[in-house]
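[1] Have a look at this prediction, sequence included:
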Amino acid sequence: MKIQQKIKEGADVLEIQGEIDLYSSPELRECFGGLAAQKKPNIVANLKNVSYIDSSGLATFIEAYQKFSTYDGQLYLCHLSDTVRGVFEIARLEDVLTILGTEEEALNAAKAPRAN
Amino acid sequence: MQTGGIKPVSFTIASDPKNLTEVRKQVGSISESAGFDHEERERIKLAVDEAITNVIRHCYKNNPDKEIQITLSHDEDALRISIRDFGPKPDLSKLVSRKLEDVRPGGLGCYFIRQIMNEVNYDITSHEVGTELKLVKFKKSQPKG
């Protein structure tokens, strides 16, 4: 798995490539941890090139979501393949995490005013 | 592509998470030869991945130097997968998943396995040492158990 970090339109974008499982998820976890430590307000995870995810990967996203929530940070996921999205849906996380179709949609959501 | 059946294929891996990729490839390959479509193959790979992850994390406590034996076969009726460990036998009453509404990291491996596979059997009696997890996925036109 590879992770490229970029700043786009004020949001921290992670372009993740490969498979997210027990072996690779610690690296992603560390990446999210660094962003949470810096209290980054908007994080976009682009999963366009993620070919596989298991419950270890889901746990990493859940933990990240919870960490960001402690300071009102927002996590957006985008470009999930049907297979990857299906795993989130088996765990019924599509109602918990913000999953959008495209990176553009995610960046627009990140720029939108927050409801008080 | 064979759909009638194949003899069991067995291989042993070290309990190092880096080996999960190769196992998924093997499972994907035999699932394809068994006639499962792409979506089902991905789900079967996930179930096996989760089962082996559970062995690595819970049975072997993340020790990467233990053995896990995997046997794959299919016949006219089903794909059959056996995952054998040589560690402490589990308390079967504790092999449960968290409730989905209790959103927190972890605790979903067993849930995924049972959602995907038609039969899930933790055999703790056939072997003096360790556990053999037997998974069955019926081929099309077979009822879900």
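    Ah, there it is. Being a predicted model, the structure only gives us computed values, none of them experimental.
[2] who touches the longest strand anywhere in chain A?
    Using DSSP state E, we find that the single longest strand of chain A is strand A:42-53. The contact list for strand A:42-53, computed with CB atoms under 8 Å, 6 or more residues apart in numbering or on different chains, reads A:8, A:10-21, A:32, A:35, A:61, A:64, A:68, A:73-81, A:83-84, A:87-88, A:103, A:106-107, A:110, B:24, B:42, B:45. Glycine gets a C-beta too; all of them are placed from N, C-alpha and C.
[3] Quickly run through the sheet partners of it, with directions.
    strand A:11-20 (parallel), strand A:74-78 (parallel) (DSSP bridges).
[4] So is stretch B:37-49 next to chain A?
    Yes. Stretch B:37-49 lies within reach of chain A by CB under 8 Å from any CB of the partner chain, at B:39, B:42-43, B:45-46, B:49.
[5] ChimeraX command to pick out the buried ones of those residues?
    In ChimeraX syntax, the buried subset of the residues of stretch B:37-49 next to chain A is picked out as below (16 or more other CB atoms under 10 Å in any protein chain shown):
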select /B:42,43,45,46,49
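[6] now the residue nearest the centre of chain B, what's its secondary structure?
    For chain B, the residue nearest the mean C-alpha position is residue B:48 (3.1 Å; CA atoms, centre = their mean). Following DSSP: H, G, I helix; E, B strand; the rest coil, the label given to residue B:48 is helix.
[7] so the closest residue to residue B:55 other than its chain neighbours bridges to which residues?
    Once flanking residues are discounted, residue B:55 sits nearest to residue B:85: 4.7 Å by CB to CB, 6 or more residues apart in numbering or on different chains. Note on residue B:85: beta-bridge partners by DSSP bridges are residue B:68.
[8] buried ones in the lengthiest helix in chain A?
    Longest helix in chain A by number of residues, with DSSP state H as the criterion: helix A:55-69. In terms of neighbour count (16+ other CB under 10 Å), helix A:55-69 has its buried residues at A:55-65, A:67-68.
[9] and the direction of it versus that of strand A:74-78, what angle?
    140 degrees (axes from the mean of the first three to the mean of the last three CA atoms, to 10 degrees).
[10] helices or strands next to helix A:55-69 in the packing?
    strand A:11-20, helix A:25-37, strand A:42-53, strand A:74-78, helix A:82-90, helix B:38-54 (3 or more CB pairs under 8 Å, 6 or more residues apart in numbering or on different chains; DSSP states H and E).
[11] run the last query once more with 10 Å
    Contacts defined by 3 or more CB pairs under 10 Å, 6 or more residues apart in numbering or on different chains; DSSP states H and E place helix A:55-69 against strand A:11-20, helix A:25-37, strand A:42-53, strand A:74-78, helix A:82-90, helix B:38-54, helix B:109-116.
[12] export the ones you listed to JSON lines and tack on distance to residue B:101?
    Shown next, in JSON lines, are those (distance: least, CB to CB, whole Å):
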{"stretch": "strand A:11-20", "distance to residue B:101": "23"}
{"stretch": "helix A:25-37", "distance to residue B:101": "23"}
{"stretch": "strand A:42-53", "distance to residue B:101": "21"}
{"stretch": "strand A:74-78", "distance to residue B:101": "19"}
{"stretch": "helix A:82-90", "distance to residue B:101": "14"}
{"stretch": "helix B:38-54", "distance to residue B:101": "20"}
{"stretch": "helix B:109-116", "distance to residue B:101": "12"}
